[in-house]
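Asks: Structure of the sequence below:
(one chain, ligands or ions: 1)
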Amino acid sequence: MRVLIAGCAGFIGYHFTERCVDEGLEVVGVDNLATGQNANVEHLHRHEQFAFAQQSITQPLKSEGPLAGRFDWVCNFACPASPVDFKSKRLDILEVCSRGTWNLLELARRQNARFLQTSTSEVYGDPKEHPQKETYWGHVNPIGPRSCYDEGKRFAEALTVAYRDELGVETRIVRIFNTYGPRMRSDDGRALPNFINQALDNQPITIHGDGKQTRSFCFVSDLVEGIIRLVRSDVRDPVNIGNPVEVTIGQIAREVVELAGSRSEIVFVERPTDDPQVRRPDITRAQTLLKWKPIVERRDGLALTIEWFRQARASDRAARG
Ligand code: UDP
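Replies: Reported below is the predicted structural model:
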């Protein structure tokens with residue numbers, strides 16, 4: 001089995017690549033390292049069955065070097081995905097979701113490969129249905145500050161089902177909800193990396209708004225298990241993968257402070273526009289069709305993540321001398 005994984009240097013792409021390699025699959029990772037981390041690629045290079053091609057998926061994928069030969073699966077994890085990127089990389093995000101996804105789908109069609117599109121809970125926008133089922137169409141502002149990502153991912157889903165229905169490509173779509181764990185990008189502006197860094201520095205924890213908005217955080221190993229099951233299954237409709245345990249942002253901030261043994265206080269700052277108020281996956285489809293549900297408790301996952309940040313920061317400091 002040979003697998004192409006676009007976005008292998010990103011947080012989730014990295015963990016999915018590790019899992020595939022651990023299962024004995026041969027993996028070619030593709031990443032332009034715009035938001036992916038070189039350290040992740042270096043870590044993957046310790047596996048013999050891993051090869052790397054540094055390029056953007058917005059350029060055609062030429063059948064040369066590591067990209068020569070046929071792939072059984074083409075998996076698309078490539079896309080800047082953090083709120084910081086929504087400010088400075090709007091056009092890049094739209095191009096990756098459109099032209100980039102198109103290039104990968106074309107490759108999958110030519111090679112008769114199975115195609116995986118990683119979509120997102122952001123396709124539901126600021127949802128009016130709660131929890132979110134896959135049948136919900138969403139509530140998205142097409143011209144808002146998050147629209148590059150939300151609409152980009154919605155377009156990518158439309159493109160994927162068009163290739164499925166018109167051109168007969170075997171496609172899978174996973175809608176990923178908030179995920180956390182080791183190797184999250186430290187400076188990507190998301191709640192957990194921010195809170196963990198602030199707690200470890202004993203600096204104020206910056207809660208946007210009153211902290212009553214909710215999210216449902218899934219540990220990355222649970223997510224990867226769900227995605228692997230989906231790719232291997234015959235489920236061709238989108239599937240939510242996420243942890244249905246919902247928590248307020250205020251609550252998770254307090255948990256991080258406690259687990260990090262921090263003296264940080266909590267401060268309330270301005271809330272970004274169009275920030276979704278609630279988010280929780282309905283995972284009935286994954287439970288029924290994939291026999292999947294998350295197993296990592298939040299406290300355990302948070303403790304592991306905090307410890308990883310602590311060690312990564314110590315190695316960074318040592319490297320800087
Ligand atoms: N958030 C926060 N403080 C921060 C970063 C984020 O209160 O320093 C809030 C953010 O406004 C949102 C929630 O935490 O309501 C989750 O944000 P994140 O960026 O992690 O994920 P997303 O909004 O994409 O679900």
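
Asks: in this protein, which helix or strand is least confident?
Replies: helix 83-88 (a mean of 92; mean pLDDT, DSSP states H and E).

Asks: Give the closest residue to the residue of the stretch 201-321 of the chain found nearest the ligand in space, chain neighbours not counted.
Replies: The ligand sits closest to His208 of the stretch 201-321 of the chain, with a gap of 3.5 Å, by C-beta to the nearest ligand atom. Just so you know, the C-beta spots here come from the backbone N, C-alpha and C atoms, and that holds for glycine as well. Excluding the flanking residues, the one nearest His208 by C-beta to C-beta, 6 or more residues apart in numbering is Arg271, at 4.4 Å.

Asks: Specify the local secondary structure of that neighbour.
Replies: Following DSSP: H, G, I helix; E, B strand; the rest coil, Arg271 is assigned to coil.

Asks: who touches the residue of the stretch 201-321 of the chain closest to the ligand in this structure?
Replies: His208 sits next to Ile249, Phe268, Val269, Glu270, Arg271, Pro272, Asp275 when contact means C-beta atoms under 8 Å, 6 or more residues apart in numbering.

Asks: Which ones among those residues also lie next to the ligand?
Replies: Filtering the contacts of His208 for proximity to the ligand by C-beta under 6 Å from any ligand atom leaves Ile249, Pro272, Asp275.

Asks: ok, so of those, who is nearest Lys89?
Replies: The shortest approach to Lys89 among the ones next to the ligand among the contacts of His208 belongs to Pro272, at 15.9 Å (C-beta to C-beta).

Asks: wait, isn't that closest one in contact with Pro145?
Replies: Yes - between Pro272 and Pro145 there is a contact under C-beta atoms under 8 Å: 7.0 Å.

Asks: Point out the residues in the stretch 201-321 of the chain that sit beside the ligand.
Replies: Checking the stretch 201-321 of the chain against the ligand by C-beta under 6 Å from any ligand atom, the hits are Thr206, Ile207, His208, Gln213, Arg215, Ile249, Pro272, Asp275.

Asks: In helices, which of these appear?
Replies: The helices, defined by DSSP state H, take in Ile249 from those.
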